[in-house]
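Visitor: Provided below for reference: sequence and predicted model.
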Amino acid sequence: MDFRRWITRKIIDFLTEPLPHYQRFVWNDPQALRRHIQKGDVLLVDGDNRASQVIKYLTQSCWSHAALYIGDELLRRGGEAADRTREAFG
């Protein structure tokens, strides 16, 4: 393995390592989320690793990631993309 790949792997390992003193303040309830989420909802996420902490610091936010929920639109349209999605995620 060349030096560039080695150092890249070390940096990735360091950034993605869970924080030893991370404290979750809100309970995750995936079933409740499925019942209530609607197309167009924005999900805000607080990650538990160093990369998430860097993002929160740089953006001055309480959240490290965000996602836009689009629902089952991809699956309802069918086609190759829907087939790949079903294969990958069930």
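Guide: That came in fine, so what should we check first? Numbering: from 1, shown residues only.
Visitor: just the helices in this protein please.
Guide: Remark: helices of the chain, listed N- to C-terminal, are 3-16, 30-36, 50-59, 73-77, 79-89; assignment by DSSP state H.
Visitor: I'd like to know how far Asp2 sits from Gln31.
Guide: Applying C-beta to C-beta, to the nearest Å, one obtains 47 Å for the distance of Asp2 from Gln31. C-betas here are computed from N, CA, C, even on glycine.
Visitor: ditto for Gly47
Guide: Applying C-beta to C-beta, one obtains 22 Å for the distance of Gly47 from Gln31.
Visitor: So the two - more neighbours on which side?
Guide: With neighbours defined as other C-beta atoms under 10 Å, Gly47 and Gln31 compare such that Gly47 has more, 18 against 7.
Visitor: count of neighbours near the closest residue to the more buried one other than its chain neighbours?
Guide: Nearest residue to Gly47, sequence neighbours excluded (C-beta to C-beta, 6 or more residues apart in numbering): Ser64, at 4.4 Å. For Ser64, the count of nearby residues is 20 (other C-beta under 10 Å).
Visitor: Thought Asp48 was touching Ser64, still the case?
Guide: No: proximity of Ser64 to Asp48 does not meet the contact threshold set by C-beta atoms under 8 Å, at 9.1 Å.
Visitor: helices and strands of this protein: which one has the lowest mean pLDDT?
Guide: The helix or strand with the lowest mean pLDDT-type score in the chain, counting by mean pLDDT, DSSP states H and E, is helix 73-77 (a mean of 87).
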